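# Next one to model:
(one chain, ligands or ions: 2)
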Amino acid sequence: MHILADASMPQVAVLVEHLQAQGMALTLSTFQGRQPSAAQLSAADVLMIRSITRVDNTLLQQAPKLRWLGTATIGTEHVDAGACAAAGVTFASTPGVNARAVGDYVASAVANFALERNQLPQGEVAIVGAGHTGRAAGERLQGLGLNVHYYDPPLHAQGVECVHNNWQRVLNSAVISLHVPLTTCGEFATRHLFNTKNIQQLVAGCLLINASRGAVVAEQALVQAMQRQQALHVVLDVWEHEPQINYQLLPWLHYATAHIAGHSLAGKVGGSLQLFEQWLQFAFGCNHSWQLPPLNALLQPWPQAIAPRVWQQAEAPTWQMLASWVRGIYDIRNDDKQLRDEVSDNESFDAFRKAYQARPELSCGLIQGGDWLADSHWQQRLSQLSFSFSRK
Ligand SMILES: NC(=O)C1=CN([C@@H]2O[C@H](COP(=O)(O)OP(=O)(O)OC[C@H]3O[C@@H](n4cnc5c(N)ncnc54)[C@H](O)[C@@H]3O)[C@@H](O)[C@H]2O)C=CC1
Ligand SMILES: O=C(O)C(=O)[C@H](O)COP(=O)(O)O
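Numbering: from 1, shown residues only. Ligands and ions are numbered 1, 2, ... in the order given. Modelled structure (predicted):
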């Protein structure tokens with residue numbers, strides 16, 4: 001059995017060695033860049049990719065032995081699932097795997113934005129898309145003390161509670177954070193969900209965050225908002241024409257990053273692990289006896305990314321303290337600065353992402369304090385921020 005994997009998927013070699021040590025006849029090769037070569041594809045029984053590899057009929061025709069394809073991502077629009085099915089290739093993804101990281105990214109964006117102004121956003125937060133990443137973002141923002149609502153018409157149509165389908169309420173919100181898949185057809189298509197018409201209707205001073213897919217927001221509509229000097233603050237992690245970013249927009253954007261919202265260390269290593277778990281089930285059935293190391297063991301080579309960050313706090317914290325704890329673990333401003341300093345073309349965009357830091361998650365935060373920690377209000381707030389806590 002031969003696995004071909006994206007070279008930037010962490011711990012794949014360790015996972016293969018683990019299975020080889022148990023007696024599995026398994027070989028591994030890796031590919032650099034966006035697309036594997038025809039020679040590499042011709043030998044692959046299994047292909048493991050990330051979001052930058054486009055899988056279509058052309059690629060599948062070069063991979064006659066391929067039976068299983070896995071992407072270590074939540075988004076799947078880079079894979080033509082119909083073409084896979086027609087070619088007899090089983091396709092798997094890793095739902096939710098880096099949702100905590102996306103939640104941390106949004107929390108850091110809002111925490112920094114508020115600290116700059118010494119004021120939390122005044123008004124509601126709209127989370128657009130109430131799935132894995134949307135809920136992770138919403139919980140963290142509630143932890144900061146914000147009033148969050150979830151707009152999700154597909155879930156609303158299924159009768160799910162706690163979501164709504166009131167678009168005007170989204171437009172009236174002080175913060176809007178986007179967490180939808182990129183879809184181009186159907187009743188709930190998300191391509192250009194934010195276009196010239198509705199960007200014009202946003203409330204003055206609105207903070208719009210896109211950490212979903214670039215084309216959910218029409219970049220041209222943002223250029224127009226910039227040109228008419230609309231009172232709008234925009235945070236972009238994703239770009240309509242990646243790996244090309246919009247250099248015209250860049251100076252106007254509040255924070256701009258290189259599609260790294262989901263790139264916590266645990267999110268990336270978890271993606272590799274989840275793919276191996278799914279592939280083993282496909283290849284050997286649900287009751288197979290092959291063992292994989294737990295996620296914690298796979299994270300050990302990066303002690304600085306998993307070490308607890310401890311804060312001592314005698315009295316109940318202010319929102320400024322909560323916000324500074326968030327940015328003490330993950331500070332979006334560093335990623336913003338690096339994009340502006342280091343990314344000047346498509347190649348440097350990809351290179352920056354490939355060499356991205358081993359980023360900790362907010363769950364590394366440990367708050368130690370006094371009686372205030374017995375209060376269920378504070379326990380909930382800290383848990384929403386995914387911090388642990390203990391009374392001293
Ligand atoms: N920037 C990054 O690094 C990352 C980006 N993503 C992107 O975020 C997307 C969302 O991820 P998850 O939350 O995990 O997906 P999910 O599948 O758990 O949730 C998506 C939600 O969006 C809702 N939705 C679909 N169409 C909608 C519409 N027109 N309006 C409002 N809601 C709509 C769905 O009903 C669903 O509840 C992924 O598809 C991926 O493209 C995901 C991870 C990392
Ligand atoms: O999971 C997703 O969906 C994402 O967007 C990933 O976090 C992006 O990571 P890469 O696969 O492009 O490294």
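# separation between Gly138 and Asn287?
Applying CB to CB, to the nearest Å, the value for Gly138 to Asn287 is 38 Å. Bear in mind the C-beta positions are built from the backbone N, C-alpha and C, glycine included.
# Which residue, neighbours along the chain excluded, lies closest to the residue of the chain found nearest ligand 1?
Ranked by CB to the nearest ligand atom, the top residue of the chain for proximity to ligand 1 is Gly131, at 1.7 Å. The spatial neighbour of Gly131 that comes closest, neighbours along the chain excluded (CB to CB, 6 or more residues apart in numbering), is His179 at 6.4 Å.
# same check, this time on Gly88
Arg67 (6.8 Å).
# In contact with the one you found, which residues?
Arg67 is in contact with Asp45, Val46, Gly88, Val89, Thr90, counting by CB atoms under 8 Å, 6 or more residues apart in numbering.
# Output these as JSON lines; include the columns distance to His254.
Output for these, formatted as JSON lines (distance: CB to CB, whole Å):
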{"residue": "Asp45", "distance to His254": "46"}
{"residue": "Val46", "distance to His254": "42"}
{"residue": "Gly88", "distance to His254": "47"}
{"residue": "Val89", "distance to His254": "42"}
{"residue": "Thr90", "distance to His254": "42"}
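# Which ones among these lie within helices?
Assigned to helices by DSSP state H, none of the contacts of Arg67 qualify.
# CA atoms only for stretch 315-333, dumped as PDB, please.
Extracted in PDB, the C-alpha atoms of stretch 315-333 (Å, rounded to 0.1, in the frame of the first residue of the first chain):
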ATOM      1  CA  GLU A 315     -10.300  39.600  41.700                       C
ATOM      2  CA  ALA A 316     -12.900  39.000  38.900                       C
ATOM      3  CA  PRO A 317     -11.300  40.100  35.600                       C
ATOM      4  CA  THR A 318     -12.200  43.000  33.500                       C
ATOM      5  CA  TRP A 319     -13.000  42.400  29.800                       C
ATOM      6  CA  GLN A 320      -9.600  44.000  29.100                       C
ATOM      7  CA  MET A 321      -7.900  41.300  31.100                       C
ATOM      8  CA  LEU A 322      -9.800  38.600  29.300                       C
ATOM      9  CA  ALA A 323      -8.800  40.200  26.000                       C
ATOM     10  CA  SER A 324      -5.200  40.400  26.900                       C
ATOM     11  CA  TRP A 325      -5.100  36.800  28.000                       C
ATOM     12  CA  VAL A 326      -6.500  35.800  24.600                       C
ATOM     13  CA  ARG A 327      -3.800  37.800  22.800                       C
ATOM     14  CA  GLY A 328      -1.200  36.500  25.200                       C
ATOM     15  CA  ILE A 329      -1.700  33.100  23.700                       C
ATOM     16  CA  TYR A 330      -2.500  34.000  20.100                       C
ATOM     17  CA  ASP A 331      -2.000  37.500  18.800                       C
ATOM     18  CA  ILE A 332      -3.400  38.100  15.300                       C
ATOM     19  CA  ARG A 333      -1.300  41.200  14.900                       C
END
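# That stretch: which residues count as buried?
Pro317, Trp319, Leu322, Ala323, Ser324, Trp325, Val326, Arg327, Ile329, Tyr330, Ile332 (16 or more other CB atoms under 10 Å).
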